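J.: quick one: sequence and predicted model below, then my questions.
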Amino acid sequence: MRLKLPRWRPPGGLRPWVAGISLLLVLLALWSHGQEVLALAPDQRGWALLVFGLALTVVAQWANGLAWWALLRWLQLPLPLLEMVQLFVRTNLLKYLPGGIWHQVDRVRLLRQRGASGRRALLSVLLEALLMVIAAFCLIPFGGLQGGLGVVAPFAVLILRPRWLNPLLERLLRSKRKLLQDSDEPLEFEPLQGAPWQPLLLEFPFLLLRFSGFACCVICFSAGQPVGWGSWLAGFAMAWSVGLVVPGAPGGLGVFELVLLARLAGAVPEAEVLAVLVSYRLISVAAELLAAGGVELDRRSELRQAG
């Protein structure tokens, strides 16, 4: 007779613990290298680079919104370009709320208000995240073989073949039904025809703009450049992907930083990587605040004119 041991789960589930421990480890690294990081204060040229990186990251928000709009069209949701990009940018800040899903919840809600079915609205946010991860995986080979990862990573694009994409989306629809909140709408899955190649291609300008903002931080704080740009790009893409797929990490906070620290360990001084990561996180949040604030000001201006 086999004894069936009860499965132990930490309070609140495993996901928030992974995110919390990742953030704690990054904070401990910052604590131990605090003086070295502070010694890397940027000069006038460095501040100019950081401002330029901020501008590039703001533009990246709009590029991401454009890719999402293209995905909506592929899902046969022909909604206005400017309105959808603004909706995307405005809801981006919600990803920093605990749980890391509230930007998706709000996009689903707003799409349904505009006549989209719950199924298509939910598919739009699930596919958008999947396409970003696949695009990021396609950038990993720029870092070389990396123990075979650089060879295997681009094959992630094969997931978009309908024979593999449709079963995956069917499972995701069932598991992510909570994004519809209290809706009782049936979610019968209808297999998608073809693959979203155009939306995927539009994710590359977004990721490269994000990396360009990140590269400004690298130039500012890592003057020696002990590794090539290919390694920085591969590390960025890998950390970006893991930050996206680990649920419970708001905006990938902690997870992105920990993965990049691990990826570049021994190759780049840890204090320099930490300075890059802290500055880039601040730039990312500031860019999302500026982009969302600009959309909100524009919306209020239109309301005043209409009134």
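T.: Good, I have the coordinates.
J.: give me phi/psi at the most centrally placed residue in the chain?
T.: Residue closest to the mean C-alpha point of the chain, counted by C-alpha atoms, centre = their mean, is residue 244 at 5.0 Å. Dihedral pair for residue 244: phi -80, psi -40, per degrees, to the nearest 10.
J.: so which strand or helix has residue 121?
T.: helix 118-139 (DSSP states H and E).
J.: which residue sits closest to residue 67, ignoring its sequence neighbours?
T.: With sequence-adjacent residues excluded and distances taken as C-beta to C-beta, 6 or more residues apart in numbering, residue 67 is closest to residue 202, at 3.8 Å. In short, each C-beta sits where N, CA and C put it, glycine included.
J.: so which strand or helix has the one you found?
T.: Here residue 202 sits within helix 197-221, counting by DSSP H and E.
J.: which elements pack onto that helix?
T.: Helices and strands touching helix 197-221, as assessed by 3 or more C-beta pairs under 8 Å, 6 or more residues apart in numbering; DSSP states H and E, comprise helix 44-74, helix 118-139, helix 229-245, helix 270-306.
J.: need these in TSV (columns: mean pLDDT).
T.: TSV is the format used below for the helices and strands packed on helix 197-221 (pLDDT from 0 to 100):
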stretch	mean pLDDT
helix 44-74	96
helix 118-139	93
helix 229-245	92
helix 270-306	89
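J.: now these as JSON lines including distance to residue 99?
T.: Rendered in JSON lines, the data for the helices and strands packed on helix 197-221 read as follows (distance: least, C-beta to C-beta, whole Å):
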{"stretch": "helix 44-74", "distance to residue 99": "20"}
{"stretch": "helix 118-139", "distance to residue 99": "14"}
{"stretch": "helix 229-245", "distance to residue 99": "14"}
{"stretch": "helix 270-306", "distance to residue 99": "17"}
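J.: what's the closest of the ones you listed to residue 94?
T.: Closest approach to residue 94 among the helices and strands packed on helix 197-221 is made by helix 270-306 (9.4 Å; C-beta to C-beta).
J.: list the contacts for residue 264?
T.: Residue 264 sits next to 227, 231, 235, 273 when contact means C-beta atoms under 8 Å, 6 or more residues apart in numbering.
J.: what of residue 204?
T.: Neighbours of residue 204 in contact, by C-beta under 8 Å, 6+ apart: 135, 138.
J.: at 7 Å instead, please
T.: Contact analysis of residue 204 by C-beta atoms under 7 Å, 6 or more residues apart in numbering lists residue 135.
J.: what does the pLDDT read for it?
T.: With respect to pLDDT, residue 204 scores 97.
J.: residue 184 too?
T.: In this model, residue 184 is scored at 62, pLDDT.
J.: residue 225 too?
T.: On pLDDT, residue 225 comes in at 65.
J.: same check, this time on residue 249
T.: On the pLDDT scale, residue 249 gets 73.
J.: run a quick neighbour tally on it.
T.: Neighbours of residue 249 under the rule other C-beta atoms under 10 Å: 25.
J.: hmm, residue 99 and it touching each other?
T.: No: Residue 249 is beyond contact range of residue 99, at 9.6 Å (criterion: C-beta atoms under 7 Å).
J.: thinking again about what came up before, could you list the buried residues of the helix holding residue 121?
T.: When burial is assessed from 16 or more other C-beta atoms under 10 Å, helix 118-139 yields the following buried residues: 118-128, 130-139.
J.: just stretch 263-278 next, same as before
T.: Of all the residues in stretch 263-278, those buried under the rule 16+ other C-beta under 10 Å are 263-264, 268-278.
J.: one more: stretch 292-300?
T.: For stretch 292-300, burial by neighbour count (16+ other C-beta under 10 Å) applies to 292, 294-295.
J.: ok, and the closest non-adjacent residue to residue 121?
T.: The shortest distance from residue 121 to any non-neighbouring residue, by C-beta to C-beta, 6+ apart, is to residue 111 (3.9 Å).
J.: ok, residue 213 - contacts?
T.: 53, 56-57, 60, 283 are the contacts of residue 213 under C-beta under 7 Å, 6+ apart.
J.: go again using 10 Å as the cut-off
T.: For residue 213, the contacting residues are 49-50, 52-60, 280, 283-284, 287, by C-beta atoms under 10 Å, 6 or more residues apart in numbering.
J.: between these, which is nearest residue 156?
T.: Nearest to residue 156 among those: residue 60, at 21.3 Å, using C-beta to C-beta.
J.: check the gap between the closest one and residue 104 for me.
T.: From residue 60 across to residue 104, the span is 19 Å (C-beta to C-beta, to the nearest Å).
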